[in-house]
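>>> Here is a sequence together with a model predicted from it:
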Amino acid sequence: MQDTYQRNINYLRISVTDKCNLRCVYCMPEGGIEQVRHEEILSLEEIARVVESAVIAGIRKVRFTGGEPLVRKGMTELIGMVNKIPEIDDIALTTNGILLPRLAAGLRKAGLKRVNISLDTLFPEKFAQITRGGRLSDVWRGIEAARDAGFDPVKINTVMIRGFNSDEIQDFVELTRKIPLHVRFIELMPIGACSSMARDGYISTDELIKSISAKHVIVPEKEVAGGGPAKYYKIPGASGTIGFISPISNHFCAGCNRLRLTAEGRLRPCLQSPEEIDLKTPLREGASLQELADIIKLAAESKPEKHDLTKTGWAGNKRVMTQIGG
Ligand code: SAM
Ligand code: SF4
């Protein structure tokens, strides 16, 4: 499926819930977000039906996210359902990792191919601070559970924030020397409550690379399985890699291949744009797979050429990251 800028749209990011068991300061307001009634959220069967129609439109890869996708009951079953759709060749998950010790093996068996785990600091007190109460040891157990279950690669998402974890850059790089983890540094985006935090806390990829290069020899590395917008490097001989995701300094809109589906069944053509297309109503009114696929194609066609977060901040966007699906 091609959009109006000749981009091939084949990737659907699905938010399965707005809820989360953490409250990261750059992502969620302290009091959480307004709760959506359960009936408003797509059921697991409805999500699977959306994916069935999405493959008719050309989607080949899905990622489950949220909120925290693993707080949604039945994720293993959902992955099993999506794994039965022959055209889908990649199923991935972005998680904070806390529930992986209980779920990783079953998720893998059900057909999940890859996991990305978010981890912003290697210090327990700082972890509790940034997540407003989370325990770092829970995430480490989650990372181990993912590796034990056979997930490879395991990617780590680290949002770099000046004055918070910028002093840990070298520690994260060192981590990849011995452990086959793929640490990806993400530029902080001015989203929702964190707009002002992003102004002071934002660090560009260029600055990070400069700072890492002052201490380490790093060489460009080929893409780590799963592709995506990250640019990878590695310390020669290291087990893992480091990657950089630069939505602000080098926005990757020209290569953007994705659509997003919110937990309430709305398609979002672009992370930044407030435009949403209702898929839930036709889905619940009995639309055929082809009719749903046509709506998905329309959403792809309405993808803007690019976002401009640096200029607009999050102006006009009512939703926070957990509602859009990060
Ligand atoms: N709960 C899961 C997790 O934390 O991985 C999945 C959802 S979370 C919204 C997905 C990703 O978005 C996380 O890696 C998180 O760090 C990132 N994220 C959230 N707010 C962000 C922001 N303002 N700027 C950059 N990345 C952000
Ligand atoms: Fe929850 Fe993930 Fe947002 Fe943190 S980044 S509050 S874990 S959804």
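In hand now; what should we look at? Ligands and ions are numbered 1, 2, ... in the order given.
>>> all contacts plus neighbour counts: C-alpha atoms, from now on.
Will do.
>>> near ligand 1, which residues of the stretch 1-150 of the chain show up?
26-27, 65-68, 94-96, 117-118 (Cα under 6 Å from any ligand atom).
>>> same thing but at 8 Å, please
20, 22, 24, 26-28, 65-69, 94-97, 116-120 (Cα under 8 Å from any ligand atom).
>>> Narrow those to those in strands?
65, 94-95, 116-118 (DSSP state E).
>>> how about these in TSV, adding distance to Ala198?
Shown next, in TSV, are those (distance: Cα to Cα, whole Å):
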residue	distance to Ala198
Thr65	22
Thr94	22
Thr95	22
Asn116	23
Ile117	22
Ser118	18
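>>> Adding distance to Ile85, neighbour count and pLDDT, write those out as TSV.
Output for those, formatted as TSV (distance: Cα to Cα, whole Å; neighbours: other Cα atoms under 10 Å; pLDDT from 0 to 100):
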residue	distance to Ile85	neighbour count	pLDDT
Thr65	19	27	97
Thr94	21	25	98
Thr95	23	26	98
Asn116	22	24	98
Ile117	25	23	98
Ser118	28	20	98
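>>> Let me see the contact set for the residue of the stretch 101-250 of the chain found nearest ligand 2.
Using Cα to the nearest ligand atom, Thr131 is the residue of the stretch 101-250 of the chain that sits closest to ligand 2, at 6.3 Å. Each residue near Thr131 by Cα atoms under 8 Å, 6 or more residues apart in numbering is listed here: 22-25.
>>> which one among the residues you listed gets closest to Leu136?
Comparing the contacts of Thr131 against Leu136 with Cα to Cα places Leu22 closest, at 11.5 Å.
>>> List just the nearest of the ones in strands among the residues of the stretch 1-150 of the chain next to ligand 1 to ligand 1.
Thr95 (3.7 Å).
>>> List the residues that contact the closest residue to His216 other than its chain neighbours.
Excluding its sequence neighbours, the residue lying closest to His216 (Cα to Cα, 6 or more residues apart in numbering) is Ile235, at 7.1 Å. The contact partners of Ile235, taken as Cα under 8 Å, 6+ apart, are 177, 216-219, 241.
>>> And the pLDDT for Glu39?
Looking at Glu39, its pLDDT stands at 93.
>>> So what pairs up with the residue lying closest to Glu276 once chain neighbours are set aside in the strands?
Spatial nearest neighbour of Glu276, chain neighbours left out: Arg268 (4.8 Å); criterion: Cα to Cα, 6+ apart. Beta-bridge pairing of Arg268 under DSSP bridges involves Arg260.
>>> and if you look at the one 10 residues further on?
Beta-bridge partners for Asp278, by DSSP bridges, are Arg266.
>>> Next up, the contacts around Pro101.
141-142, 144-146.
>>> could I get the residues you listed as a markdown table with pLDDT and neighbour count?
Shown next, in a markdown table, are the contacts of Pro101 (pLDDT from 0 to 100; neighbours: other Cα atoms under 10 Å):
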| residue | pLDDT | neighbour count |
| --- | --- | --- |
| Arg141 | 98 | 17 |
| Gly142 | 98 | 23 |
| Glu144 | 97 | 18 |
| Ala145 | 98 | 20 |
| Ala146 | 98 | 26 |
